[in-house]
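[1] I'll drop the sequence and a predicted model, then ask my questions.
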2 protein chains.
Amino acid sequence: MELIAIRTRKIVEGDDIVSLLLSLYDPRDLDIVAVADKALAASQGRFVNHDIEPSEEAMKLAEESGLEPGFAELVIRNSDLVLGTAERTILTVKDGILVANAGIDHKNAPIGFAALWPEDPNYEARRIRDEIAKRTGRNVGVIIVDSRLSPLRMGTTGFALGIAGFRGIRDYRGKSDAYGKRILVTTLNVADDLASAAHLLMGEGDDLVPFVIIRGAPVEFGDFDPEELKISPDRCAYFRPIYGRLYEMSGRISGRQK
Amino acid sequence: MELIAIRTRKIVEGDDIVSLLLSLYDPRDLDIVAVADKALAASQGRFVNHDIEPSEEAMKLAEESGLEPGFAELVIRNSDLVLGTAERTILTVKDGILVANAGIDHKNAPIGFAALWPEDPNYEARRIRDEIAKRTGRNVGVIIVDSRLSPLRMGTTGFALGIAGFRGIRDYRGKSDAYGKRILVTTLNVADDLASAAHLLMGEGDDLVPFVIIRGAPVEFGDFDPEELKISPDRCAYFRPIYGRLYEMSGRISGRQK
């Protein structure tokens, strides 16, 4: 498997990122094109000013986290569920994804602005895939890459915010392990593993690597449900123990459900 | 960056995994050698029979999770903290790592046995690195790769259980983003991103890929503290909100501290 970092100039609103990619790289069939979420946000001008009136809840979350009250308000408005705070973090659930600050980020956004996630990351992945197919005839997979924190780990790793054109999980249930025993429960999150690999080359700073081409990835190409990457809270090995207990103790999760 | 999967026969107790690797691959300077935790466990015979007497707590956890009582007892004995249960999972903290079942796994272990983590994964990484240096003169980095679940995500991704010979994080604090703004808090977990990339090629079944060579990885080689990969619960963006609230509500985390 080979990963090729595609360095570009800074992407600005109105840029056609597919044209930019194709001006720098000629894709092959069965390449996977990883696109940094922030590059997509920049091209679509998904930067918002967070100089907005904070609610009482936002003031409280801002005080707890050390974030600006207007930014906290923006996070609340973009979250499905607010779970709590840590240093410069409001822990939220958005679109079934556990993420700091509803995926909203000051980093790599103009001063005074924050970048939002795409409205529909899987749609954006499909759109980029279809555009590449239309213009080059190539059958590629696409991953929109964002980064996240993991429990008790320092620093960010990549994850697949949206995918198109390949199966995001590899299901080992019913297959054999090295001792010939049937595997009961394991699936492998192919998309997140790939997103992590690309994330390492994209970096988190002024690296200007919005695209990483992944060649020779052991994935199944075709049309699959991108929502397979997510698991509901009641089936999640982390959420069921933790939030199950929170529910038992408090009757509800603190926060709000839209 | 290039990743090369090294396929082998099944590794058994007493195998010298460095010899096995070097019989199949001639490392270059600044390669990173990813080693599957389960291959190391097999070579060291770290398989344990879980036909042991369960405690009352183990019986309760087994009933909640659907795991065998003896296995639950093994998990308790190998955990620093038991947080709760989900389907076939006891969520634990071990050596500062949040992990299902204290890292103990039936998969790719002989029938009736489960595989344990190495006693000291960072020591094992260093030992493998030093052996490769001694026998080949090559300066490589080493990652011991295990897999984990992530909150609200389906399936496993790779993470770095132990590392040696390179810096596991890349610190962006004080550096510039694409807009020239100073980055406040971001670090990137290089080791976990690399472990994910390798994990995709190692797989979770009878793939028999215990080694993945990563060439051209953007890492800083040298001697760094492998404990940098971990963060304490009170600084963790997930643990502080979640467990902070549990503490407030219950006065203690359910489970036990060794």
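    Okay, I see it. Numbers count the residues shown, from 1 in each chain, chains lettered A, B, ... in the order given.

[2] counting neighbours, what do you get for the nearest residue to A:Leu152 once chain neighbours are set aside?
    Leaving aside its sequence neighbours, A:Leu152 sits nearest to B:Leu98 (CB to CB, 6 or more residues apart in numbering or on different chains; 4.7 Å). Placement of C-beta: from N, CA and C, glycine included. Neighbours of B:Leu98 under the rule other CB atoms under 10 Å in any protein chain shown: 23.

[3] name the element B:Leu98 belongs to?
    In the assignment (DSSP states H and E), B:Leu98 maps to strand B:97-100.

[4] and that strand, what other elements does it pack with?
    strand B:89-94, strand B:141-149 (3 or more CB pairs under 8 Å, 6 or more residues apart in numbering or on different chains; DSSP states H and E).

[5] nearest to B:Asn108, out of those strands?
    strand B:141-149 (11.2 Å; CB to CB).

[6] list the neighbouring strands of that closest one plus their orientation.
    Strand B:141-149 has the following strand partners under DSSP bridges: strand B:32-36 (parallel), strand B:156-164 (antiparallel).

[7] could you pull out the strands for chain A?
    For chain A, applying DSSP state E gives strands covering A:2-6, A:32-36, A:47-49, A:81-86, A:89-94, A:97-100, A:113-115, A:141-149, A:156-164, A:169-171, A:187-189, A:211-215.

[8] in TSV: the ones you listed, plus distance to B:Asp146 and mean pLDDT.
    As requested, the strands of chain A are exported to TSV (distance: least, CB to CB, whole Å; pLDDT from 0 to 100):
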stretch	distance to B:Asp146	mean pLDDT
strand A:2-6	22	98
strand A:32-36	24	98
strand A:47-49	39	91
strand A:81-86	25	85
strand A:89-94	25	89
strand A:97-100	21	91
strand A:113-115	33	90
strand A:141-149	19	96
strand A:156-164	14	97
strand A:169-171	17	94
strand A:187-189	13	95
strand A:211-215	23	98
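
[9] possible to save the ones you listed as a markdown table with distance to B:Ala36?
    Shown next, in a markdown table, are those (distance: least, CB to CB, whole Å):
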| stretch | distance to B:Ala36 |
| --- | --- |
| strand A:2-6 | 20 |
| strand A:32-36 | 23 |
| strand A:47-49 | 42 |
| strand A:81-86 | 33 |
| strand A:89-94 | 32 |
| strand A:97-100 | 27 |
| strand A:113-115 | 37 |
| strand A:141-149 | 24 |
| strand A:156-164 | 19 |
| strand A:169-171 | 16 |
| strand A:187-189 | 13 |
| strand A:211-215 | 21 |
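
[10] nearest to A:Phe211, of the strands paired with strand B:141-149?
    Per CB to CB, nearest to A:Phe211 of these: strand B:156-164, 21.6 Å.

[11] and A:Leu20, what does it touch?
    A:Leu20 makes contact with A:8, A:11, according to CB atoms under 8 Å, 6 or more residues apart in numbering or on different chains.

[12] do you know how far it is from A:Ala42?
    As for A:Leu20, its distance to A:Ala42 is 11 Å (criterion: CB to CB, to the nearest Å).

[13] distance check, the residue nearest to A:Glu13 when sequence neighbours are not counted against A:Ala102.
    Excluding the flanking residues, the one nearest A:Glu13 by CB to CB, 6+ apart is A:Gly45, at 3.6 Å. Between A:Gly45 and A:Ala102 the computed distance is 18 Å (CB to CB).

[14] just A:Met154 next, same as before
    From A:Met154 to A:Ala102 the distance is 22 Å (CB to CB).

[15] before we move on, what about A:Leu184?
    On the measure of CB to CB, A:Leu184 and A:Ala102 end up 35 Å apart.

[16] neighbour-wise, which of the two wins?
    The residue with more neighbours, out of A:Leu184 and A:Ala102, is A:Ala102; 25 against 14, by other CB under 10 Å.

[17] which pLDDT does the model give the more buried one?
    pLDDT, A:Ala102: 94.

[18] longest helix in chain A, by number of residues?
    Criterion DSSP state H: the longest helix present in chain A is helix A:121-136.

[19] please name every helix or strand in contact with that helix.
    When contacts are defined as 3+ CB pairs under 8 Å, 6+ apart, helix A:121-136 packs onto helix A:17-24, strand A:32-36, strand A:141-149, strand A:156-164.

[20] same thing but 6 Å
    Helices and strands touching helix A:121-136, by 3 or more CB pairs under 6 Å, 6 or more residues apart in numbering or on different chains; DSSP states H and E, are strand A:141-149, strand A:156-164.
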